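*Asks:* Take a look and give me a structure for this.
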Amino acid sequence: MGKQKGGTVNVAIIGVGNCASSLIQGIHYYGDKDAANSTGLMHETLGGYHSRDIKIVAAFDIDVRKVGKDLSEAIFEKPNCTTVFCENIPNMGVTVQLGQALDGFSQHMNNYPQDRRFMPSDAAQPEMEDIVKILKAAKVDVLVNYLPVGSQQATEFYAECALEAGCAFVNNIPVFIASNPVWANRFEQAGLPIIGDDIKSQVGATIVHRVLTDLFHKRGVPVDRTYQLNTGGNTDFLNMKHARRLESKKISKTEAVQAVAAERLDDENIHVGPSDYVPWQNDNTVAFIRMEGRLFGDVPMNIELRLSVEDSPNSAGVSIDMIRCAKLALERGVAGPVAAPSAYFCKHPPVQYTDEMAHQLTEAFIEGDQVEVLNKSLKKVSG
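*Replies:* Take a look at the predicted model:
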């Protein structure tokens, strides 16, 4: 039995960074808009839930500039640098709580100016039972992970909190939880849904690269070599200057492209991943994609593309649907990884589908079709 359907989707956020800022701005931006004025949303309503029905009821961060402040103020504090498209956020009555740092902060960031990096609080950090108590008191439906890339220990800590508190878990980062059979089984045994791992943006480098790779496949053009190079100036790119923290991101982005290729490329013929930190870009991400293939008669061809996007609104446009799908799964008693939304919204889901199939299956999930089939037997759906 899942939680019963109500009027709101109660959400707790881990990490009040640029992505959280864009999501919260978007909830207010679209709050009083109807379908005719909802440009930028994939779904104005999803399973009966409008974006205005998403209520942020708890938030956690480690930065002294955010902890203790109302969420309406904290989302505009440094080092956040994303575009402000909705300035008039009323007081939300949600105080940002101090969270667990663990490996969520990389020491190399101390070498950069304060406006560019995290400033961790030196206060005593909460125990798991403290976090769980907050989640339960706020009646949280969905716990959303916005920790920095490479936060393995911290993500596992908050996944444990979700299990203890009885929350659905949305994992936006490339720490493998939904796609890890051990964690997937734990959520299934707990009767709780999880959507993950590593969010695809609305029109970001990964989804564009996948669509082009799938196009080559369908048109009979083998891909011989490809790269995707990304630069940006937000804290995510600064965080990923530490090579170890970048490892899971490269795996996630590379596998997302390999999954739709006609034949898997040798490692030396594919390079996909964040490439450098350029401070003045702020939250703008620039991606360069090159694909080399062979047409009829083995005649060579290539395509080069430059994509420039504001990273966090691009992410929030997907997260707002992931949250509502997680709420639907919770209501319907879906346990473990929610297959279709994970495949459609994430780079490294438990099961990879083409984007076309993932879209069709996600729309079916939203309509209430095949929920048990998606949950219990993924092969039946893809077959």
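*Asks:* how close does the nearest residue to Trp280 once chain neighbours are set aside get to Pro337?
*Replies:* Closest residue to Trp280 apart from its sequence neighbours, by C-beta to C-beta, 6 or more residues apart in numbering: Gly233 at 6.0 Å. Any C-beta I mention is one placed from the backbone N, CA and C, and that applies to glycine too. Separation of Gly233 from Pro337 (C-beta to C-beta, to the nearest Å): 33 Å.
*Asks:* So between these two, which is more surrounded?
*Replies:* Counted by other C-beta atoms under 10 Å, Gly233 and Pro337 do not tie: Pro337 has more neighbours, with 32 against 21.
*Asks:* So what sits opposite that one in the bridge?
*Replies:* Beta-bridge pairing of Pro337 under DSSP bridges involves Ile194.
*Asks:* Tell me who's in contact with it.
*Replies:* 178-179, 184, 187-188, 193-196, 349-350 (C-beta atoms under 8 Å, 6 or more residues apart in numbering).
*Asks:* Looking at those, which are in helices?
*Replies:* 184, 187-188 (DSSP state H).
*Asks:* Count the neighbours of the closest residue to Ala74 other than its chain neighbours for me.
*Replies:* Nearest residue to Ala74 in three dimensions, chain neighbours excluded: Lys66, at 4.0 Å (C-beta to C-beta, 6+ apart). When neighbours are counted by other C-beta under 10 Å, Lys66 registers 29.
*Asks:* all helices of the protein, in order?
*Replies:* Using DSSP H, the helices of the chain run over residues 18-29, 71-74, 128-137, 152-165, 181-190, 205-218, 235-239, 243-258, 311-332, 339-345, 355-367, 371-376, 378-382.
*Asks:* Would you mark the buried spots in the third one?
*Replies:* When you say that, I think you mean helix 128-137. Neighbour-count burial for helix 128-137, counted by 16 or more other C-beta atoms under 10 Å, picks out 131-132, 134-135.
*Asks:* Mind telling me the two of those residues farthest from one another?
*Replies:* Spatially, the most separated pair among the buried residues of helix 128-137 is Val132 and Ile134, at 7.3 Å (C-beta to C-beta).
*Asks:* can you tell me how far the residue of the chain most remote from its centre sits from Asp224?
*Replies:* When distances are taken from the C-alpha mean of the chain, Gly297 lies farthest, 41.5 Å away, according to C-alpha atoms, centre = their mean. Between Gly297 and Asp224 the distance is 15 Å, computed by C-beta to C-beta.
*Asks:* where does the protein have low pLDDT?
*Replies:* Judged by pLDDT under 70, the chain has its weakly predicted residues at 1-6, 370-383.
*Asks:* Apply 90 and report the result again.
*Replies:* Low-confidence segments of the chain (pLDDT under 90): 1-6, 32-38, 88, 105, 243-247, 273-275, 369-383.
*Asks:* so how far is Leu330 from Gly368?
*Replies:* The spacing between Gly368 and Leu330, counted by C-beta to C-beta, is 14 Å.
*Asks:* out of these two, which sits in the busier spot?
*Replies:* More crowded of Gly368 and Leu330, by other C-beta under 10 Å: Leu330, with 24 against 10.
*Asks:* Let me see the contact set for the residue nearest to Ala74.
*Replies:* 16, 74, 77, 96 are the contacts of Lys66 under C-beta under 8 Å, 6+ apart.
*Asks:* got the contact list for the third one?
*Replies:* I take that to be Glu77. When contacts are counted by C-beta under 8 Å, 6+ apart, Glu77 is found next to 63, 65-66, 69.
*Asks:* gap between Asp355 and Gln228?
*Replies:* 16 Å.
*Asks:* So if I had to pick from the two, which one is more boxed in?
*Replies:* Gln228 (25 against 18).
*Asks:* Not counting residues beside it along the chain, what's closest to that one?
*Replies:* Spatial nearest neighbour of Gln228, chain neighbours left out: Val272 (4.4 Å); criterion: C-beta to C-beta, 6+ apart.
*Asks:* ok, now Ala256?
*Replies:* Closest residue in space to Ala256, ignoring its immediate chain neighbours: Lys347 at 4.1 Å, by C-beta to C-beta, 6+ apart.
*Asks:* Contacts only, for the one you found.
*Replies:* 174, 197-200, 206, 252-253, 255-256.
*Asks:* try 7 Å this time
*Replies:* Going by C-beta atoms under 7 Å, 6 or more residues apart in numbering, Lys347 touches 198, 200, 206, 252-253, 256.
*Asks:* For Pro126, see how far away it is.
*Replies:* Distance, Lys347 to Pro126, by C-beta to C-beta: 31 Å.
*Asks:* hey, where'd the strands end up in the stretch 51-200 of the chain?
*Replies:* Applying DSSP state E, counting those that start in this stretch to the stretch 51-200 of the chain gives strands spanning 54-61, 97-98, 142-145, 168-171, 193-195.
*Asks:* Given the longest one, what are its sheet partners and their directions?
*Replies:* For strand 54-61, the paired strands and their directions (DSSP bridges) read strand 9-14 (parallel), strand 97-98 (parallel).
*Asks:* The ones you listed into TSV, with extra columns for distance to Ile303 and mean neighbour count?
*Replies:* Below are the strands paired with strand 54-61 laid out as TSV (distance: least, C-beta to C-beta, whole Å; neighbours: other C-beta atoms under 10 Å):
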stretch	distance to Ile303	mean neighbour count
strand 9-14	38	27
strand 97-98	47	19
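*Asks:* Would you reformat these as CSV and include distance to Leu163?
*Replies:* Shown next, in CSV, are those (distance: least, C-beta to C-beta, whole Å):
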stretch, distance to Leu163
strand 9-14, 14
strand 97-98, 19
